[in-house]
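>>> I'd like to go over a predicted model; first the sequence, then the structure.
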Amino acid sequence: MEELWDIARVAEYLGVTQRTVYNKVRAGDLPAVKVGRLWRVRPSDLQAWLGATAPTAYAPAAGGAGLAAEPGAIPVRAELEALLAPLADTLERRLTFVGLLTRGVEALGWSAPVVVGGHAVEFYTAGGYTTVDIDLAGASEPVIQVLDAWGFKREGRHFYDDGLGLVVEVPGSTPPPQEMAHVVTLRIGTVSAHILGIEDLVIDRLAACKHWRHTESCEWAARLLAVADELDTEYLQQRAAEEDVADVLARALDESGRA
């Protein structure tokens, strides 16, 4: 029987971080199998993947820019409609939309936007949490330029298209470098979307619960912890200390069965 490599060994072999390997596995780029709650990679699959693509370590650029691509042409509205037309699942439609929007933003020479907030919770809980709008973190200028080119209407920070059934909020703030280093990249068909790491999403929910007394957010933090395949526990504890939510994190870990 062929041996199975853990994430740490694959990362050492490739000369990249464990988070990079994990992101590629979660996105479906790197073939892997699940053993219990953990991902494992067959050496033969790794070699085949290396032969088919040139792996590039995902890491934010200096100053936290990160996720940047070479400029090119902005996708047209017709391409967006064609991508979304066969998709009935709401979550898949939204992530595909974000993926093409990302391509447009990168075509303008900017770093990719990152899905945050409720839509990120919706992704990790596989639709268990539902929200109306898509929250994006990152530079607002290129996102607005692409949405304007696609004919979206604007109300304050929100952009919407009734025909496509999409609502986007663009606050215009970029996640700090430590959060960018934990972003997950998801491949959907021919496009890719970037989603805030589950650790930072948990901390966001816990902060809302403790500091804004939104008790439901603590419940969703526990749900996120329960469904997480792998967690960077050291980073999670660090962020909890920074946001003064270590006490509610302990309770959420207990409720999720991960204490």
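Nice, I can see it. Residues are numbered from 1 along each chain as shown.
>>> and stretch 86-104, how far from the chain's centre?
Taking C-alpha atoms, centre = their mean, to the nearest Å, the mean C-alpha location of stretch 86-104 is offset from the chain mean by 13 Å.
>>> pull that stretch out as PDB, backbone CA atoms only.
Only the C-alpha atoms of stretch 86-104 are listed here, as PDB (Å, rounded to 0.1, in the frame of the first residue of the first chain):
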ATOM      1  CA  PRO A  86     -26.600  26.700 -15.600                       C
ATOM      2  CA  LEU A  87     -26.100  27.200 -11.900                       C
ATOM      3  CA  ALA A  88     -29.100  26.700  -9.600                       C
ATOM      4  CA  ASP A  89     -27.400  26.500  -6.300                       C
ATOM      5  CA  THR A  90     -27.300  29.900  -4.700                       C
ATOM      6  CA  LEU A  91     -24.000  29.400  -2.900                       C
ATOM      7  CA  GLU A  92     -22.300  28.100  -6.100                       C
ATOM      8  CA  ARG A  93     -23.700  31.000  -8.100                       C
ATOM      9  CA  ARG A  94     -22.400  33.600  -5.700                       C
ATOM     10  CA  LEU A  95     -18.900  32.100  -5.400                       C
ATOM     11  CA  THR A  96     -18.800  31.800  -9.200                       C
ATOM     12  CA  PHE A  97     -19.700  35.400  -9.500                       C
ATOM     13  CA  VAL A  98     -17.000  36.400  -7.000                       C
ATOM     14  CA  GLY A  99     -14.500  34.300  -9.000                       C
ATOM     15  CA  LEU A 100     -15.200  36.200 -12.200                       C
ATOM     16  CA  LEU A 101     -15.300  39.500 -10.400                       C
ATOM     17  CA  THR A 102     -11.900  38.600  -9.000                       C
ATOM     18  CA  ARG A 103     -10.600  37.900 -12.500                       C
ATOM     19  CA  GLY A 104     -11.800  41.400 -13.500                       C
END
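>>> when you give positions from now on, start the count at 747
Let's use 747 as the start, then, which means that last one is stretch 832-850.
>>> mind giving me the domain split of the chain?
The record's domain parsing of the chain by automatic domain parsing lists 753-802, 820-941, 944-1002.
>>> first-to-last residue distance for the longest one?
Here the two ends of domain 820-941 are set 21 Å apart, with distance taken as C-alpha to C-alpha, to the nearest Å.
>>> coming back round to it: now mean neighbour count and mean pLDDT too, for the domains of the chain, in TSV please.
In this view, the C-beta of every residue, glycine as well, is placed from N, C-alpha and C. Listed next are the domains of the chain as TSV, based on neighbours: other C-beta atoms under 10 Å; pLDDT from 0 to 100:
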stretch	mean neighbour count	mean pLDDT
domain 753-802	16	78
domain 820-941	18	92
domain 944-1002	18	94
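>>> check contacts around residue 967.
948, 951, 952, 955, 994, 995, 998 (C-beta atoms under 8 Å, 6 or more residues apart in numbering).
>>> closest one of the residues you listed to residue 893?
residue 951 (27.5 Å; C-beta to C-beta).
>>> any idea which helix or strand carries the closest residue to residue 937 other than its chain neighbours?
Spatial nearest neighbour of residue 937, excluding adjacent residues (C-beta to C-beta, 6 or more residues apart in numbering): residue 845 at 2.8 Å. Per DSSP states H and E: residue 845 is located in helix 836-853.
>>> so how far is that helix off the chain centroid?
The chain centre lies 12 Å from the centre of helix 836-853; the measure is C-alpha atoms, centre = their mean.
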